[in-house]
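Novice: Below: sequence and its predicted model.
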Amino acid sequence: MRKIAISVLSISLILVFAVSCALWKEKATITYEGTGQILSGVYDAVKPACDSGQLSVETCVNLKDAYNKARAAYIVAGDTLILSMEFEESIAKTQDAVAKKELQAKLSILMKDYTKNLNEAVNLVREFEILYNELGR
Amino acid sequence: MLDFKKVEDLVEGVTTLIPVVGSIISGVVFIVESLEGVKQEDVEALKAKIRKAQESIAKWG
């Protein structure tokens, strides 16, 4: 189940950039919002279980650490996405061909950073292997 | 003999796990369905959506 979920998420992320460059900003925003919904849902499900003592302290410490790291990566990914959109607007306004090329190269780096950070946030799901271990106790 | 403590732990674990899996599925469904009907939007509106999404992620303090 875990592997399937990770595969589906990875496919969704790849689709956004691989299928077409048209409407990339809209597609990236949708993926970003969807990933946020997953993170919020996971938090809403796990935190009450930890607060009520349903899960062990050790498990909760690990899950809390994983969640907060994922949250930080998610916020950085959002900032990078906003910056990428602003970069693209600058590229459209620039007349100088050399400057345009430089800006495009920088935009490409920004988009790679965005994908890297969003994938890091998605990797939170991997940490939920801890929950499976809890089930086996 | 049936270990009731183990059964109770298992039920509690599954009770936590089901909403986790549910959120993953609903997030993926949101992405797939929204991508199908994607249309051009104003950049400022997109930035506002991103900021709203950032704010909606609570810190586990």
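Specialist: Happy to help now that I have it.
Novice: interface residues of chain B facing chain A?
Specialist: Residues of chain B lying close to chain A (C-beta under 8 Å from any C-beta of the partner chain) are B:9-10, B:12-17, B:19-28, B:30-32, B:34-35, B:38-41, B:43, B:46-47, B:49-51, B:53-54, B:56-60. In this view, the C-beta of every residue, glycine as well, is placed from N, C-alpha and C.
Novice: Could I have the buried ones of those residues as PyMOL selection syntax?
Specialist: To isolate in PyMOL the members of those that are buried, counting by 16 or more other C-beta atoms under 10 Å in any protein chain shown, one can use:
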select buried, chain B and resi 9+12+13+16+17+19+20+21+23+24+27+28+30+31+34+35+46+47+49+50+53+54+57+60
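Novice: Please narrow the residues of chain B next to chain A to those residing in helices.
Specialist: Using DSSP state H, the subset of the residues of chain B next to chain A located in helices is B:9-10, B:12-17, B:19-28, B:30-32, B:34-35, B:43, B:46-47, B:49-51, B:53-54.
Novice: contacting residues around A:E33?
Specialist: B:30, B:34, B:49-50, B:53 (C-beta atoms under 8 Å, 6 or more residues apart in numbering or on different chains).
Novice: among these, which two are most distant?
Specialist: B:F30 and B:I50 (15.1 Å; C-beta to C-beta).
Novice: What are the neighbouring residues in contact with the residue positioned nearest the centre of chain B?
Specialist: Among the residues of chain B, the one closest to the centroid is B:S23, at 3.2 Å (C-alpha atoms, centre = their mean). Contacts for B:S23 were tallied using C-beta under 8 Å, 6+ apart; they are A:37-38, A:40-42, A:44-45.
Novice: How about B:K39?
Specialist: For B:K39, counting by C-beta under 8 Å, 6+ apart, the contacting residues are A:23, A:26.
Novice: Check the secondary structure at whichever residue of chain A sits closest to chain B for me.
Specialist: Per C-beta to the nearest C-beta, the residue of chain A with the smallest distance to chain B is A:G41, at 2.2 Å. Secondary structure, DSSP: H, G, I helix; E, B strand; the rest coil: A:G41 is helix.
Novice: Next one: it relative to A:G34, how far apart?
Specialist: 11 Å (C-beta to C-beta, to the nearest Å).
Novice: Equivalent analysis for A:T115, please.
Specialist: Taking C-beta to C-beta as the measure, A:T115 falls 14 Å from A:G34.
Novice: So which of those two has more stuff around it?
Specialist: Counted by other C-beta atoms under 10 Å in any protein chain shown, A:T115 and A:G34 do not tie: A:G34 has more neighbours, with 24 against 19.
Novice: is it true that the more buried one touches B:F30?
Specialist: Yes. Between A:G34 and B:F30 a contact is recorded at 4.6 Å, counting by C-beta atoms under 8 Å.
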